[in-house]
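*Asks:* Take this sequence and fold it.
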Amino acid sequence: ARGRSAEQNAANSHECEGPALQSQTGGQEEEFEGSIERLLRRAREPNQACKMIELAQALLFLAIPMPHAFYAMLWTKPNVWKKVAKKTKVPPVDLLAIVALCMKVVQFFSFVFYVLTLLGADAFTETIRLAHPATLLFGGLLFAVGQALNMGVYATLGKDGVYYGIKYGKKVPWVTGFPFSLCPHPQYIGSSLSIWGALWPIIRVFPGNLMELSAVGVYWSGMYALSSFIESH
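*Replies:* You can find the predicted model right below:
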């Protein structure tokens, strides 16, 4: 009786141990699968962030040359724009001013989107908070000088002069005073200075992204240099 009881107890204990072992094994498998899933999720997150940065960079690097290619076409083939303006029943200069404003808005939001995607949603507030006052002052000075040159061009040439009115029969005066007395193509130089004025504090606060941010400034300035070259020939 004792032998049978011991055998039964042993059998019962094996039966109880079976599910426990299976449960333990199943738990280990679930934990392993969970860790793999977490690793894959962590791997996907940087990839998604990189893809967003690449998308934002592509949008910006398409938006930057957009007006310059457009202006080059208008400068070299003004009759094309005349036909477009005639169909819309809007004077060529006025129509160009509207289109130019729209392209500037696209450039602005593309730039903001790229900076926020690259550096984080608080990039601009962090720049203002962390930048040295001298850095902010220098960046502000560059931006202010650039805008002063831009406003000087608008004040002396007017809308007809700025938006290629000379190509559409408008009388545009030849100006030798400010800002043309300071430098050639003051509008383009002023725009480049404004861009670097905006970039400078961001670069100083986020030095780890020096190459990416500097590439934006060089590329943008290069487009202005190309436009000035085209308009000089």
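*Asks:* Just the buried residues of stretch 201-219, please?
*Replies:* Along stretch 201-219, these residues count as buried under the neighbour rule (16 or more other CB atoms under 10 Å): 201-206, 209, 212-213, 216-217. Placement of C-beta: from N, CA and C, glycine included.
*Asks:* Can you tell me the SS state at P184?
*Replies:* coil (DSSP: H, G, I helix; E, B strand; the rest coil).
*Asks:* Regarding it, what are the backbone dihedral angles?
*Replies:* Dihedral angles of P184 (phi, psi; degrees, to the nearest 10) stand at phi -70, psi 150.
*Asks:* mind checking how far the helix or strand containing T127 is from the chain centre?
*Replies:* Under the criterion DSSP states H and E, the helix or strand holding T127 is helix 123-130. What separates the centre of helix 123-130 from the centre of its chain is 17 Å, taken as CA atoms, centre = their mean, to the nearest Å.
*Asks:* Quick check: mean pLDDT of that helix?
*Replies:* Along helix 123-130, the predicted confidence averages to a pLDDT of 96.
*Asks:* just checking, next helix/strand downstream of it?
*Replies:* Following helix 123-130 in sequence, per DSSP H and E, is helix 133-162.
*Asks:* on that earlier part again, mind putting the buried residues of stretch 201-219 in CSV, distance to T88 and secondary structure included?
*Replies:* Compiled in CSV, these are given as follows (distance: CB to CB, whole Å; DSSP: H, G, I helix; E, B strand; the rest coil):
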residue, distance to T88, secondary structure
P201, 41, helix
I202, 39, helix
I203, 42, helix
R204, 45, helix
V205, 45, helix
F206, 44, coil
N209, 42, helix
E212, 39, helix
L213, 39, helix
V216, 33, helix
G217, 35, helix
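*Asks:* so where's this structure shaky on pLDDT?
*Replies:* Within the chain, the ranges that satisfy pLDDT under 70 run 1-46.
*Asks:* list the helices and strands the helix holding T127 packs on?
*Replies:* Counting contacts by 3 or more CB pairs under 8 Å, 6 or more residues apart in numbering; DSSP states H and E, helix 123-130 packs against helix 92-119, helix 186-205.
*Asks:* Now do the buried residues in it.
*Replies:* Of the residues in helix 123-130, those buried by neighbour count under the rule 16+ other CB under 10 Å are 123-124, 127.
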